[in-house]
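*Asks:* Here's my sequence, what's the structure:
(chains A and B)
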Amino acid sequence: MRFEKYFVPETRQECFALLEQYGDKAKVLAGGTDVIQLLKSGALKPEAVIDIRKVEGISETKITDQGLALGAMVRLRELSLNEALATDYPVIMEAAGHVSSMQIRSMATIGGNVCNASPSADAVQGLILMNATAVIESAGGNREIPIAQFFTGPGKTVLKKGELLVGFTIPKPSARTGAFYEKFSIRGDTDITIVGAGASVTLAEDGTVSGAVVSLASVAPTPLRMDAVEKMLVGKKLTPELIDQAAQAASKSVAPITDQRASAGYRVEMVYVWTKSALTKALERAIA
Amino acid sequence: MSNRIDVALTINGRLHNLNVRPDLTLAETLRDELNLTGTKIGCDDSNCGVCTVLLDGMAVKSCAMLVGQADGREITTIEGLETGDGLHPLQQAFIDYFAVQCGFCTPGMILTAKAILDENPKATEEDIREGLHGNLCRCTGYVQIVEAIESVRDGKYGEARA
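*Replies:* Residues are numbered from 1 along each chain as shown, chains lettered A, B, ... in the order given. Below you'll find the model as predicted:
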């Protein structure tokens, strides 16, 4: 590992100035648990590392009547253990808790998990399921983007030169909403996800589905939100038969790769199994 | 211009002011700059857990941290557990329960165990196993390690867990 400069800006202005100055030659470091391995392997060769842990206003978790605001620097372990989130945002806690080991979660951050842009990122799935919006700032202004549109490829995001992901806003879920994320891996949470499947279901008073999110991890170059599958559910009663059809549709619409963890065909099968399970458990929570 | 950075690390209660290259990991700094070789480097890609230290009381993997990230913080390594009165209860328990074979994973195991029990003194076997998920032992397995930690939890070594 070799880089020359290490900055710890304390204000956003300082940070934006460094991002402008160094551009592609700088790498932002949040928790570092992914970035440091990429620095060691030589996959990243920046001149400067910008450690954003002291940047003001990006390490807080704020819960209001409207929803949840998460700073990019909120650590995954803090998120996974924050009981204040248990009522409305349990899937955010659980997805964050599925990332690796206790030691890694103590350092790793929600913003880092997003910016690392791995298709297998577990904490990202919680954000997708809860309709999170990414808040991006730069010296030139701010913009917001739905989290599912943040990713453009493995390790690639919509962030442009000079931009910093500062956090997320998550609307408070409607009554009768349930969400669940399933991580499937061999060695538990420490292992990289072979297939992840998530579902969020909101029921109308008559018990039909008024809103749904279905998301998948590790089956495409980016985390996936399954719009077509969601459309199959809205306005209908979520019967076991409909859940089965939705899981089959999800399975048919993915084109994963074969790698050392699983074959493409196996992943396709597992998308069916775990989407079905996630939808079933999300429904249980929506009714509870 | 100098590319070195100043960091202040409180390690095992003692303040160290260092001027180091920024591209060192905390694990490298502990071992190579401070000769605290109780902290091991195994996989060096944050899987095996032998580099575990406590950062402000939390278990972290020091191979997955830059030295600059530890600036201003308190670090406990395996060298910091022993007191004038002797070994830390977890260290003694690991000996008594034969929770050591080659010993390479032991510093990380003990520090992770300390983080688990400090946070939850009533940790169940399941909690302990979940907490140890990021620490690999490739000699013999985890049964005696878990038993050693449970014995400390159950007060077999007194209350001196701090």
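
*Asks:* Now for the residue of chain B found nearest chain A: which residues touch it?
*Replies:* Closest to chain A within chain B is B:G134: 2.4 Å, counting by C-beta to the nearest C-beta. C-beta here means a position set from N, CA and C on the backbone, and glycine is covered the same way. By C-beta atoms under 8 Å, 6 or more residues apart in numbering or on different chains, B:G134 lies in contact with A:S100, A:S101, A:M102, A:Q103, A:I104, A:T190, B:N47, B:G49, B:T52, B:K61, B:T112.

*Asks:* So among the residues you listed, where is pLDDT lowest?
*Replies:* Minimum pLDDT across the contacts of B:G134 is recorded for A:T190, with 84.

*Asks:* now that residue: how far from B:S46?
*Replies:* For A:T190, the distance to B:S46 (C-beta to C-beta, to the nearest Å) stands at 10 Å.

*Asks:* Identify the residues contacting the closest residue to chain B within the stretch 51-200 of chain A.
*Replies:* In the stretch 51-200 of chain A, no residue comes nearer to chain B than A:S101, which is 2.4 Å away by C-beta to the nearest C-beta. Shown in contact with A:S101 (C-beta under 8 Å, 6+ apart): A:D189, A:T190, B:G49, B:K61, B:H133, B:G134, B:N135.

*Asks:* How about it: what's its closest non-neighbour residue?
*Replies:* B:G134 (2.4 Å; C-beta to C-beta, 6 or more residues apart in numbering or on different chains).

*Asks:* Retrieve the pLDDT associated with that neighbour.
*Replies:* 95.

*Asks:* can you check B:L54 too?
*Replies:* 98.

*Asks:* Was I right to think it contacts B:T76?
*Replies:* Yes - the criterion here is C-beta atoms under 8 Å, and B:L54 meets it with B:T76 at 4.0 Å.

*Asks:* what residues are shared contacts of those two?
*Replies:* Going by C-beta under 8 Å, 6+ apart, residues that sit against B:L54 and also against B:T76 are B:L111, B:K114.

*Asks:* Flag the shaky bits of chain B, pLDDT-wise.
*Replies:* In the predicted model, chain B carries pLDDT under 70 at residues B:1-2, B:159-162.

*Asks:* redo that, cut-off 90
*Replies:* Scanning chain B for pLDDT under 90 picks out B:1-3, B:83-85, B:140-141, B:158-162.

*Asks:* Outline the domain layout of it.
*Replies:* Chain B breaks down into these domains under automatic domain parsing: B:5-80, B:89-153.

*Asks:* Compute the number of surrounding residues for A:G153.
*Replies:* For A:G153, the count of nearby residues is 11 (other C-beta atoms under 10 Å in any protein chain shown).

*Asks:* Ok, B:E150 next?
*Replies:* There are 18 residues near B:E150, going by other C-beta under 10 Å.

*Asks:* Show me which residues of chain B sit near chain A.
*Replies:* Taking C-beta under 8 Å from any C-beta of the partner chain as the test, the list of chain B residues beside chain A reads B:3, B:5, B:22-23, B:25, B:44-47, B:49, B:52, B:55, B:58-61, B:63-66, B:68-69, B:71, B:112, B:115-116, B:130-131, B:133-135.

*Asks:* In ChimeraX, select just the buried ones from those residues.
*Replies:* To isolate the buried subset of those in ChimeraX, counting by 16 or more other C-beta atoms under 10 Å in any protein chain shown, use the following:
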select /B:5,22,23,25,44,46,47,49,52,55,58,59,60,61,63,64,65,66,68,69,71,112,115,116,130,131,133,134,135
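
*Asks:* Filter the residues of chain B next to chain A down to the ones in helices?
*Replies:* Judged by DSSP state H, the residues of chain B next to chain A include B:T112, B:A115, B:I116, B:E130, B:G131 as members of helices.

*Asks:* now for the residues you listed, which pair is the farthest apart?
*Replies:* Largest separation among those by C-beta to C-beta: B:A115 and B:E130, giving 12.3 Å.

*Asks:* Next, show the common contact partners of these two.
*Replies:* In contact with both B:A115 and B:E130: A:M102, using C-beta under 8 Å, 6+ apart.

*Asks:* Within range of chain B, give me the residues from chain A.
*Replies:* So far as C-beta under 8 Å from any C-beta goes, chain A lies against chain B at A:1-6, A:8, A:29, A:32-33, A:36-37, A:39-40, A:49, A:51, A:53, A:77, A:100-104, A:106-107, A:188-190.
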